[in-house]
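Chemist: My questions concern the predicted model and sequence given below.
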Amino acid sequence: MRRNRCFGRGFVATSSATRDSKRCGLSRFTTYSAELAVLKDLLSRWPLIQQIQTGADGTGPEAMSERTRNLRPKTDGAEVARSICPYCGVGCGQLVFHKDGKLISIEGDPESPISRGHLCPKGADTYELHTHPGRLTKVKYRRPYSRHWDQIELEQAMDRVVERLWESRERTFQETCDGETLMQTTAIAHLGGATLDIEENYLIRKLFTVGLGMVSISNQARI
């Protein structure tokens, strides 16, 4: 009987403490709500807030200056092409904005199932691959045994590459081996850089594999 009475007293004490705790919490919540109401009322009287909240759409056109009212996003009127970030093998989608043959901006594609509009720091800076002032726009050639890079014309460089490529292909091309048709060469390889976009890589692969029979083709994005 004594044990039951002790248990009963303990149970009553616990229930009373619980009720006191709930009552205290409710009191604090009521106090916070009252303070928030006062703060909201003070903010609503602030001239800046009143100015911003005006207008039919609540965006506060009166808060805009003549200059900011006439501002437009740099992508306004630009066409959009969907592409894939070239930096790695994840395949994040990109929206490429262009206008009058010029690149305007590159953003993440929100409809991409891979990245859902997000880009890593490198992917977000792919725009500078095209616009950075440090980008090389001229062909550099280092002659045999030379320590310096000379600038040459693009046509001269292309002629030299084609000459060397075709000579190596003709010398090492295998049409058959033990009666099997190969139509390939293993003496030439190609490693693409991370500045090549997906469309350029597609054309490179099609030209070198289907057109020239090269089998050793890879890209920096896979490394």
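Modeler: Structure received.
Chemist: which residue ranges form the helices in the chain?
Modeler: Under the criterion DSSP state H, helices of the chain are mapped to 2-44, 47-52, 66-69, 121-124, 128-131, 154-172, 198-205.
Chemist: worst average pLDDT in those helices?
Modeler: Lowest mean pLDDT within the helices of the chain: helix 2-44, a mean of 59.
Chemist: Can you give the domain ranges for the chain?
Modeler: Structural domains annotated on the chain: 2-67, 79-131, 139-222, as defined by automatic domain parsing.
Chemist: What is the longest strand of this protein by residue count?
Modeler: Of all segments of type strand in the chain, defined using DSSP state E, the longest is strand 180-192.
Chemist: buried stuff in that strand?
Modeler: Of the residues in strand 180-192, Gln184, Thr185, Ile188, His190, Gly192 count as buried by neighbour count, 16 or more other CB atoms under 10 Å. C-beta here means a position set from N, CA and C on the backbone, and glycine is covered the same way.
Chemist: Packing partners of that strand?
Modeler: helix 154-172, strand 174-177, helix 198-205, strand 214-219 (3 or more CB pairs under 8 Å, 6 or more residues apart in numbering; DSSP states H and E).
Chemist: Quick one: closest of these to Leu95.
Modeler: helix 198-205 (13.6 Å; CB to CB).
Chemist: Going by distance to Gly89, which of the buried residues of strand 180-192 wins?
Modeler: Gly192 (12.0 Å).
Chemist: Start and end of stretch 91-104, how far apart?
Modeler: 21 Å (CA to CA, to the nearest Å).
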